[in-house]
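[1] model the structure of this input:
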Amino acid sequence: MNGDKKWAIVTGGSRGLGFETAKGLIAAGFTVYIISKDEKRLAQSAQTLGCQYRAVDVADNKKLRQVLIEITEEASSKDLGILDVLVLAHGVMSEKMSKTLRTNDDEWRRTLSINLDSVFTAVNQLAPAMTDARKGRVVVYSACLGRMSGPGTHGGLAPYRISKAGVNAFVKNLSYETGLGARGFLVDAICPGHCRTDMGGEDAPRSAEQGADTAIWLATRDFDPTKNKTGLLWEDRQVVDW
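    A predicted model of the protein is given here:
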């Protein structure tokens, strides 16, 4: 993709994986808006990155939708056109003891509203214009803990695992609804791995920059629908099983 006049929205952009993703897209020539809940930290990150920002709690669907409308209206006034890239990098871990039979309604709703419901809201608000224009890319940060296959994919952290499994199902379903890239619109999920972020902890084996690499690549890669694929789960630029 050519970075000229391209623009992107990155949620969770004030820190960690979202920050590194925004940084990579800016380096690729994108105008970037970052979204996060902590306005003070968000403003500091936006200043560091040299990008635009909007503070909103993504768990509040109505407010999130309104903020996304405001961003697109502002982008239109700057002649940026239809959104090119949406990266959903926000997320929250459920409590350590949140097994299915021990989780309460509040913890379940908190985790699902942030990790899954807000993904629907953002895509539902922004992607119709992208698909109508036969362009655009959506990249959603999932997690290996949300996979239905492979080692360590079940037991404990029920709200988190299930919310990420829901993200995977959402991405796969949307990709088929939108023609698997044949119509110019791409949607993919990624497993960033265990990274040194606020959620992953300082002892994690991977840096946030390493975790963000695949998201940046998916957002900017050349795509030929006769050769390349979308609607998949990626890790380190390789497809992994759902």
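
[2] now residue 183. Nearest residue, chain neighbours left out?
    Excluding its sequence neighbours, the residue lying closest to residue 183 (CB to CB, 6 or more residues apart in numbering) is residue 134, at 5.3 Å. In short, each C-beta sits where N, CA and C put it, glycine included.

[3] residues contacting that neighbour?
    Under the criterion of CB atoms under 8 Å, 6 or more residues apart in numbering, the neighbours of residue 134 are 183, 184, 185.

[4] surely the first one is in a strand?
    No - remark: residue 183 does not belong to a strand; assigned using DSSP: H, G, I helix; E, B strand; the rest coil, it is coil.

[5] what separates it from residue 171, distance-wise?
    16 Å (CB to CB, to the nearest Å).

[6] more neighbours, those two?
    Residue environment comparison for residue 183 versus residue 171 gives the larger neighbour count to residue 171, 25 against 14, counting by other CB atoms under 10 Å.

[7] so what's the more buried one closest to, chain neighbours aside?
    residue 189 (4.3 Å).

[8] hmm, residue 144 and the one you found touching each other?
    No - using CB atoms under 8 Å, residue 189 makes no contact with residue 144, being 10.8 Å away.

[9] neighbour-wise, which of those two wins?
    Shown here are residue 189 and residue 144; by other CB under 10 Å, residue 189 has more neighbours (30 against 19).

[10] quick check: buried residues in the one helix or strand the more buried one maps to?
    Mapping residue 189 onto the secondary structure by DSSP states H and E places it in strand 186-190. Neighbour counts using 16 or more other CB atoms under 10 Å place 186, 187, 188, 189, 190 of strand 186-190 among the buried residues.

[11] which of these lies closest to residue 242?
    For the buried residues of strand 186-190, the closest approach to residue 242 (CB to CB) belongs to residue 189, at 8.8 Å.

[12] residue 183 versus the closest one, what's the distance?
    With distances taken as CB to CB, residue 189 is found 19 Å from residue 183.

[13] cool, residue 13 as well?
    Residue 13 sits 28 Å away from residue 183, taking CB to CB as the criterion.

[14] just to revisit the earlier point, any chance of the buried residues of strand 186-190 in JSON lines with pLDDT and distance to residue 43 as columns?
    Compiled in JSON lines, the buried residues of strand 186-190 are given as follows (pLDDT from 0 to 100; distance: CB to CB, whole Å):
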{"residue": "186", "pLDDT": "98", "distance to residue 43": "31"}
{"residue": "187", "pLDDT": "98", "distance to residue 43": "30"}
{"residue": "188", "pLDDT": "98", "distance to residue 43": "30"}
{"residue": "189", "pLDDT": "98", "distance to residue 43": "29"}
{"residue": "190", "pLDDT": "97", "distance to residue 43": "27"}
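
[15] can you put the residues you listed in JSON lines and add distance to residue 138?
    Shown next, in JSON lines, are the buried residues of strand 186-190 (distance: CB to CB, whole Å):
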{"residue": "186", "distance to residue 138": "7"}
{"residue": "187", "distance to residue 138": "4"}
{"residue": "188", "distance to residue 138": "7"}
{"residue": "189", "distance to residue 138": "9"}
{"residue": "190", "distance to residue 138": "11"}
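
[16] by contact count, what packs against the top helix by length along the chain?
    For the chain, the helix reaching the highest residue count under DSSP state H is reported as helix 158-177. Helices and strands touching helix 158-177, as assessed by 3 or more CB pairs under 8 Å, 6 or more residues apart in numbering; DSSP states H and E, comprise helix 105-112, helix 118-132, strand 137-141, strand 186-190.
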